[in-house]
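Asker: Any chance you can model this:
(chains A and B)
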Amino acid sequence: MTGECRKFICALFTMFCIGALFSQSKDDFRFLTLKNGLRVVLQRKETVPLAHFVFAVGIGSKDDGAAGSVHLLEHILLFGSNRSLGPQGKMDALRRLGAYFNAHTNLDYMSFEVSVGSNQSGKVPALLHENIFEPRFLEEEIAGEKPIIIEEIRQAENDPRLLSTNLLLQTLFSGHPYGRPLLGQAESIGTVGPAQLADLHHRFFVPDNCVLAVVGRIDLESLGREIETCFRSIPAAARSAVDAIPVPLPGKKVELERTMDIDRGYLSLAIPAPHFNHEDRVPFSILVQILGRGRNPLLYRAFLPDPTIVDNLELQYMSMKEAGVLIVRVTAAPKVLSSLEGRLISFLRKVGQMNFSREDVYGEESLYVTDLLQGGKNLLQLASENSREEGLRLANAYASVLFLRDGTDVVDFFERIKKTKSTDLRRTADRFLSRGNWVRLSLRPLPEKEAR
Amino acid sequence: MDKRLILIGLMIFSLPVSGRTETDFHGPVRFLLFGNLPVVFFQDGASEVTHLQFFIGGGRSAEPVGKAGLAYLTTRLMLEIADPDDTRTVIESGASFHCEVSGDYARLSVRCLSANLRPIADVMARGMTEPIFSSLRVSFIKEQMDSFRKLEEESPERKMDLFHGFALHQGTNYSGSVFGSEETLKSIKAKDVSQFYQSRVQMKNMVVAVCSDRPVTEIREILEWVLKKLPPGVAPERSIPAPKPAENRKASDVRRKDEAYLSFAYSLPGFSCDAFVRMTLLDTLVGKGIGSRLWPLRTRLKLAYAIGTRSLMYSGGGMLIINMKVAPARLPEARTALLQEMTALADGGIGADEFAAIKELAVADYWRQLENKETMADTLGFFEIMGAGIEFIDRFPEVIAALPLESFNTYLRDILDPSRLSEAFISSGDGS
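Answerer: Numbers count the residues shown, from 1 in each chain, chains lettered A, B, ... in the order given. Alright, predicted model coming up:
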C-alpha cells in the first residue's frame, strides 16, 4: 500500500460530509486504485446479509452537449443490450440474483446501483462490467427508450415541484453547464443517435473517471480480487478534459411567473449557496436545518401571527462541485402568494442578525432561550447518522464524496459541526441570504381556476 | 508532527465512547417490563440513533360506530407537548415524533440521537401517560385532520386506495379515511377521546419496539424509569373483523390534468405468518423490481409510465394494490393488458425458475428494508402485536424457502379470482 493510499484511507475515515462516520477498524475497510486508475472502496457492514454496489461515472447533465443525451445514455446502459445479453436476458439474470438495479444522473455524475444478497456478491462485478462497459447502442433500442424519456420530461413539467426546481436551476445557472436541463429536452433527445451515445461513452467512461463503492457483508480480499479481475482489462485513459467554467450568478433578483393546472399556489426562491467544498457549507447546512426542519422550523416565523396561512414549507439545499443552491418553496392559497413573498424575503434578510444560541443572550434570560444552534447541529447529525444505516446510501455517499471533494485534505465533518458557533451562522446568513440575487418563481393555477 | 500520525490520531479519537461495532444479525430479544409490558429490541450499531415505538392494540377496528377518526385523534393528542421546557428539549435534541393509525393498532414513534434518548423518552412517555384532552386541543387536531383528509382527496392514488377499501373491506373499519369524515369528527367529543384512551393505553394492550445502538440493559433501565406511570390495565377483548366484498367494485373519476390512472386491488386473507409470506411473494412476482410480471407493460408494450404494487395486511384481511399511470388515450388498452396478465397468472401459475427468482428477490428486499432502523423497529412491533412474534423476523427467509411451488400456484388461482378484484380509474377531462 502506498503512502498516498494510506493517507486516502485515513481521509475517508474522517472525511468531509460523512465525516467520522466510519469508525470501523482498518480490517473492515479497503481502498484500492487499480493500475488503470479505477478507484474502489470496500467496506464490511454486517447487520444484514446484503452487498450493495455503486458504480459512479464522472458524467452529469452538465456534460450534456445535446440536452438529454446523458440521460438517454443512462437509460440505454440500464435497459439496453450488452455484448452477451439482450434487454430481456439482462432482466432475467438480474431477477435470478434477487438484485435491485437502478441508475441516476445528477448535475455532476451518473451512478449505477446494484444490491444483492451477500451470497451473490461475487457475481456483481462481472454484471456491472458488462452493462456499463460493453453496451451495444442499438438503434432500435435507443428509439424505443426515447418516448419513455420524453414522457418522463412531460411528467416533470406537470409536477409543480419538479417544474419549479428545473426552471429555477436553469435560470440561476443560465450560461453555465449546471443550467442545462437535468432530464433533457424532448426536441433535442429526438436527434440523438447511437454515434453520439458511443462518443459520450468513449470520452467519459474511462477508469480514472469512475469509482466503485461496495458496502455490505462481503469478503474484502476475495471481492477485491474479483473486481480487479473484471475491471483491469479496461485500458487506462484520461477522460476528455473539460475546463471548469466559472458559475455566473444573477446580479439582482430575477422574477418568473407561470400558470399550470394546479389548485394551490407555489412560491419558490432559488438562492445561491455554498458549493460542496466551500468553507461555509457546514454552517449553511446547520442554518438550513434550523430554518426548515425539526419541530417548529424557524422560517414559519416569517408568517406570524398566522403561520397556518402556509400549507407547506420545504427547503432543499443542493451542493454541487462548483456551485450550490438553496430552494425555498412555500405552498399556499394563490390569493396570498404575493403577500407571502414579501414576508419571506424580509425574514431571510434578517437571519444574519438573529440569536441562535444561549451564548448570544446574557444573564438569567439565557435560561429561557431555546438553543436553535444545538437543535440544528443535532438535526444535521441525525441526517448523517441515518445515511449510515443503509448500505446502499453509504456506498452512494462514498461515491459522491470521491467525486465532489477537492484534494485529500482531512476535514472531520462532525468536528466542524461541533465547532460551529452562532457567529458562523450569522456570517453565513449575511453572505448568502441577504444579497438579493435570487430567482423567484410564482406558480399559479390557470386563470379560470384561480377565479373560482 | 508527521501528518500521518495526526490522521491516525484523528481516526482513533473519532471512535465513539459507546464502542460501536458491527455484528452479525443476532436476532432481536424480548423482555417484559413491570411483568406486563412486552418490549422487543434489536441492537444495531450502524448509527448512533434510537427508534422507540409504542404499539397500542386496537387502532381503527376499535373505533365505535359513527366515530371514525377517533383512533387517530386520540393518538395524535398524545404527541401534543404541554410544557414549554419539554418543547425546548425536543427542539434542541432534533428528535422527531410521529404517529400512525392502522387497522389493528396505533403507533407512536420517536427518532433521536441515542445520547438524547433519556430526556426524549421521558417527554414522550409523559405525553402518553398524562395527555391533555381539552376541547381546545381536540378542536385544533380536528382542524388538522380535516385538511389532511382534503389533501387525501386530491391525491389520485389515495383516492383509488379509499375506493378499494370500500369495495373489498365492507363492513369493517378498515375502509374509509383514517381521518374520519366531517360528520364523524363533529360527533366526537372530548369525553369520547378520554374513554377511548383509557380503554386502550395500558400495558396489557401495548408492545414497545426499540432499535438502537445502545445495549439492552440501558434501554431497559430508561424504559422502566419513564413508563412507571403507565397503568397495567386489562387486555381489551379483540375481535377480528370479517370484511366482505361490496357488490359495486368498479369506480371511475375524472381529473383535468392530462394524465390517467388505473388501479386494481385483490382482497387477501387476514394476517398469519403463512399469509404474510404468500402476500410478499405475490407482491414481488407482480410488481417488484425489474423483470416483474408488470414490467413488460412498461418496457415492451409502452403502456405505462409508472407501475407499482403495494400490499396491506390487517388481522381480518389484506389487499394487493396495483397502480399504473398511463396515457389517457391508452387507458382501455392498459386495462385489458393488465387484466390479461393477471388472468394468465391465475390460470397458468408460474414455473420453477421464476419461483426461485422471486424467492431470492423477496428475501433480499426483506433484508434491504430491515437495514433501516426505523423499519426494523416497525417490523419488530408489527410481528409482535399481530401475534407472529419477533421470532418470525429470523424465520421469514426459511418459511419462504420451504414454500412449495404447487401450493403457491394454488394460492395464485384463489387470490387472483375476479370475485376478489376491485377496479378504479381516473381519466383526464377530455372524455378519454
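Asker: so how far is A:Val336 from A:Gly342?
Answerer: Per C-beta to C-beta, to the nearest Å, A:Gly342 is found 11 Å from A:Val336. From N, CA and C alone the C-beta is placed, and that goes for glycine too.
Asker: These two: which has the busier surroundings?
Answerer: Between A:Gly342 and A:Val336, counting by other C-beta atoms under 10 Å in any protein chain shown, A:Val336 is the more crowded of the two (17 against 10).
Asker: OK, contacts around that one?
Answerer: A:Val336 sits next to A:Gly265, A:Ile309 when contact means C-beta atoms under 8 Å, 6 or more residues apart in numbering or on different chains.
Asker: can you rerun that using 6 Å?
Answerer: For A:Val336, the contacting residues are A:Ile309, by C-beta atoms under 6 Å, 6 or more residues apart in numbering or on different chains.
Asker: Can I take it that it is in a strand?
Answerer: No: using DSSP: H, G, I helix; E, B strand; the rest coil, the assignment for A:Val336 is helix, not a strand.
Asker: does the closest residue to chain B within the stretch 301-450 of chain A count as helix, strand or coil?
Answerer: The minimum distance from the stretch 301-450 of chain A to chain B, using C-beta to the nearest C-beta, falls at A:Asn378 (3.2 Å). Following three-state DSSP, we place A:Asn378 in the helix state.
Asker: how close does the closest residue to it other than its chain neighbours get to A:Thr370?
Answerer: Spatial nearest neighbour of A:Asn378, excluding adjacent residues (C-beta to C-beta, 6 or more residues apart in numbering or on different chains): B:Gly94 at 3.2 Å. According to C-beta to C-beta, B:Gly94 stands 12 Å off from A:Thr370.
Asker: Tell me which of those two has more neighbours.
Answerer: The residue with more neighbours, out of B:Gly94 and A:Thr370 and counting by other C-beta under 10 Å, is B:Gly94; that gives 25 against 19.
Asker: residue ranges with poor pLDDT in chain A?
Answerer: Applying pLDDT under 70 to the predicted model, the residue ranges of chain A that meet it are A:1-27, A:66, A:240-244, A:407-411, A:450-452.
Asker: same deal with the stretch 151-300 of chain B?
Answerer: The stretch 151-300 of chain B contains residues with pLDDT under 70 at B:256-257.
Asker: could you pull out the strands for the chain?
Answerer: I went with chain A, as the question did not name one. Listed from the start of the chain, chain A has strands (DSSP state E) covering A:29-33, A:39-44, A:50-57, A:100-105, A:110-117, A:210-216, A:254-260, A:265-273, A:310-319, A:324-332, A:439-445.
Asker: my question was about chain B
Answerer: With DSSP E as the criterion, chain B has strands at B:29-33, B:37-43, B:49-57, B:96-101, B:105-113, B:206-212, B:250-255, B:260-268, B:304-313, B:318-326, B:421-428.
Asker: Mean neighbour count and distance to chain A added to those strands, as CSV?
Answerer: Formatted as CSV, the strands of chain B follow (neighbours: other C-beta atoms under 10 Å in any protein chain shown; distance: least, C-beta to the nearest C-beta, whole Å):
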stretch, mean neighbour count, distance to chain A
strand B:29-33, 14, 16
strand B:37-43, 22, 9
strand B:49-57, 25, 5
strand B:96-101, 17, 7
strand B:105-113, 23, 6
strand B:206-212, 27, 9
strand B:250-255, 14, 9
strand B:260-268, 24, 12
strand B:304-313, 19, 5
strand B:318-326, 23, 8
strand B:421-428, 22, 10
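Asker: Tally up the residues packed near residue 284, please.
Answerer: I'll assume chain A. For A:Phe284, the neighbour count with other C-beta under 10 Å is 24.
Asker: hm, I was asking about chain B
Answerer: Neighbouring residues of B:Thr284 were enumerated by other C-beta under 10 Å; the total is 27.
Asker: that older thread, and the strands of chain B, which one is worst for confidence?
Answerer: Between these, the lowest average pLDDT goes to strand B:250-255, which shows a mean of 80.
Asker: ok, and what's touching that strand?
Answerer: Contacts of strand B:250-255 with the rest of the structure, by C-beta under 6 Å, 6+ apart, involve B:Phe163, B:Glu423, B:Ala424, B:Phe425, B:Ile426, B:Ser427, B:Gly429.
Asker: Nearest residue to the second one in space, please, no chain neighbours.
Answerer: Using C-beta to C-beta, 6+ apart and skipping the chain neighbours, the partner closest in space to B:Glu423 is B:Lys250 (4.8 Å).
Asker: can you check B:Lys159 too?
Answerer: With C-beta to C-beta, 6+ apart as the criterion, B:Lys159 has its nearest non-adjacent residue at 6.2 Å, and that residue is B:Glu153.
Asker: now A:Val351
Answerer: The nearest residue in space to A:Val351 (C-beta to C-beta, 6+ apart) is A:Ala429, at 4.1 Å.
Asker: Now that that neighbour has come up, it's in contact with A:Met354, right?
Answerer: No: counting by C-beta atoms under 6 Å, A:Ala429 does not reach A:Met354; the two are 7.7 Å apart.
Asker: of these two, who's got more company?
Answerer: Per other C-beta under 10 Å, whichever of A:Ala429 and A:Met354 has more neighbours is A:Ala429, with 23 against 16.
Asker: Can you tell me how far the more buried one is from A:Arg301?
Answerer: The separation that A:Ala429 has from A:Arg301, given C-beta to C-beta, amounts to 14 Å.
Asker: same deal with A:Ala237?
Answerer: Relative to A:Arg301, and taking C-beta to C-beta, A:Ala237 is found at 55 Å.
Asker: Quick check: which of the strands of chain B is nearest to A:Pro147?
Answerer: Between A:Pro147 and the strands of chain B, the tightest spacing by C-beta to C-beta is seen for strand B:304-313, at 9.7 Å.
Asker: Outside of that closest one itself, list whatever touches it.
Answerer: Under the criterion C-beta under 6 Å, 6+ apart, residues A:151, B:271, B:279, B:283, B:286-287, B:294, B:297-298, B:318-326 lie in contact with strand B:304-313.
Asker: and with 7 Å instead?
Answerer: Contacting residues not belonging to strand B:304-313 are listed as A:151, A:155, B:268, B:271, B:276, B:279, B:283, B:286-288, B:294, B:297-298, B:318-326, B:334 [C-beta atoms under 7 Å, 6 or more residues apart in numbering or on different chains].
Asker: CSV please, covering the strands of chain A and showing mean neighbour count and distance to B:Val29.
Answerer: Listed next are those as CSV, based on neighbours: other C-beta atoms under 10 Å in any protein chain shown; distance: least, C-beta to C-beta, whole Å:
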stretch, mean neighbour count, distance to B:Val29
strand A:29-33, 18, 29
strand A:39-44, 22, 24
strand A:50-57, 27, 22
strand A:100-105, 19, 29
strand A:110-117, 24, 25
strand A:210-216, 27, 24
strand A:254-260, 14, 53
strand A:265-273, 24, 45
strand A:310-319, 17, 39
strand A:324-332, 23, 44
strand A:439-445, 21, 51
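Asker: Including distance to B:Leu33, could the ones you listed go into a markdown table?
Answerer: Formatted as a markdown table, those follow (distance: least, C-beta to C-beta, whole Å):
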| stretch | distance to B:Leu33 |
| --- | --- |
| strand A:29-33 | 39 |
| strand A:39-44 | 35 |
| strand A:50-57 | 33 |
| strand A:100-105 | 38 |
| strand A:110-117 | 36 |
| strand A:210-216 | 35 |
| strand A:254-260 | 54 |
| strand A:265-273 | 47 |
| strand A:310-319 | 39 |
| strand A:324-332 | 43 |
| strand A:439-445 | 51 |
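Asker: between these, which one is nearest to B:Lys302?
Answerer: Shortest separation from B:Lys302 across those is recorded for strand A:100-105, at 19.5 Å, computed as C-beta to C-beta.
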